[in-house]
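J.: I'll drop the sequence and a predicted model, then ask my questions.
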Amino acid sequence: MVEFKCPGHNQDHIPEEVLREAGITFPKAYTDKNNIVALARVLKKYQDDVFAKVPFCVTVEAEAFGAYIKMGDAMHRPRPNGHRFSSIEELSGIQAPDISKGRIGEVLDAVGILAESGEKVILNIVGPFTIIYALINHTIFYRGLRKDPAQIKEIMAVIEKSVIQYGIEGVKRGASIISFEDAVGVPDVIGPTIYRDFSGPSNLRIINGIKEVGGRFLIHLCGRTSAALENTDMVHSYAIDTGKASTYGQALAGLLDELTEPIVVGHRCIAWGPMKMDQPCIWGIELIQK
């Protein structure tokens, strides 16, 4: 049994000195590529990290699907603000968004700007359950899971395709790491049956779909996501020696230099980049083909 305790980092507050140096305003810090780039660069420097990370919240994909998002400020990151859909029938009409437009397009543009300037970039993406929770009340969604699971799978297929497209486009724009999480889609939140039948297989399809683009990049799974997959026998982990790397971010950067094709890693938090490593290894994640 793999155990992972989420560190629960407070990612809401942006320090005042970061704001002054970045020279950003709100809500442009979340909606405009140039402000996103400025904030990412200064946060990287402030945190003494190896990577510049974008975006700064988990609502970008849901917003692209039509979710109502309160954009936030320096104290509070963007977050859902009510639900766009009130029934499964309404939700079933969703279409894959144009990821070149809106805030999701601005984030991708920011990835390109950062990468072209020489930054190592992490694009944070989320999975279907996290997106769906921002679109419809979870009670209505679970009712739909019981009454018409085939319809739910059709809805999830649309979302999965979009998430894969987003991740692939991030790689094409120069992201070194695609950081993937679906924190509300793990067994201790949705239960083992729904996880086994819906969330877990969905995560695997997304991971495989992004890997297919090829190239030298990592897919970094949230520790809760990777632990859930391994504990349900959907993946297994293996240790990758990190040599003399001091911090987790340095270890990831060193691994990237050695890659010839994309691999998946997990069992740690992407926010641990600046932290000293307690074990000299990265946990590789291999998908079990059934």
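T.: Looks like it came in fine.

J.: where does this protein have low pLDDT?
T.: 7-12, 289-290 (pLDDT under 70).

J.: what's the longest helix in it?
T.: helix 149-173 (DSSP state H).

J.: helices and strands around that one, which ones?
T.: Secondary-structure packing of helix 149-173 (3 or more C-beta pairs under 8 Å, 6 or more residues apart in numbering; DSSP states H and E): helix 60-64, helix 88-91, helix 102-116, strand 121-126, helix 128-135, helix 138-147, strand 177-181, helix 200-211. For the C-beta atoms, the positions are set from N, CA and C on the backbone; glycine is no exception.

J.: tabulate the ones you listed (TSV), appending mean neighbour count and distance to residue 234.
T.: Shown next, in TSV, are the helices and strands packed on helix 149-173 (neighbours: other C-beta atoms under 10 Å; distance: least, C-beta to C-beta, whole Å):
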stretch	mean neighbour count	distance to residue 234
helix 60-64	24	22
helix 88-91	16	26
helix 102-116	21	28
strand 121-126	26	18
helix 128-135	24	15
helix 138-147	14	19
strand 177-181	25	14
helix 200-211	21	5
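
J.: and residue 4, which of those is closest to it?
T.: strand 177-181 (11.6 Å; C-beta to C-beta).

J.: for that closest one, packing partners?
T.: Counting by 3+ C-beta pairs under 8 Å, 6+ apart, strand 177-181 packs on strand 121-126, helix 149-173, helix 200-211, strand 218-221, helix 223-231.

J.: columns distance to residue 58 on top of the ones you listed, output as JSON lines?
T.: Converted to JSON lines, the helices and strands packed on strand 177-181 look like this (distance: least, C-beta to C-beta, whole Å):
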{"stretch": "strand 121-126", "distance to residue 58": "5"}
{"stretch": "helix 149-173", "distance to residue 58": "12"}
{"stretch": "helix 200-211", "distance to residue 58": "15"}
{"stretch": "strand 218-221", "distance to residue 58": "15"}
{"stretch": "helix 223-231", "distance to residue 58": "13"}
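
J.: buried sites along the longest helix of the chain?
T.: Neighbour-count burial for helix 149-173, counted by 16 or more other C-beta atoms under 10 Å, picks out 152, 155-156, 158-160, 162-164, 166-171, 173.

J.: same check, this time on stretch 66-75
T.: Applying a neighbour-count criterion of 16+ other C-beta under 10 Å, the buried positions in stretch 66-75 are 67, 69, 71, 72, 73, 74.

J.: measure residue 67 to residue 36 for me?
T.: 19 Å (C-beta to C-beta, to the nearest Å).

J.: check residue 274 too.
T.: 20 Å.

J.: quick check: chain neighbours aside, which residue is closest to the most far-flung residue of the chain relative to its centre?
T.: In the chain, residue 147 marks the outermost C-alpha relative to the chain mean, sitting 29.5 Å out by C-alpha atoms, centre = their mean. Spatial nearest neighbour of residue 147, excluding adjacent residues (C-beta to C-beta, 6 or more residues apart in numbering): residue 88 at 7.9 Å.
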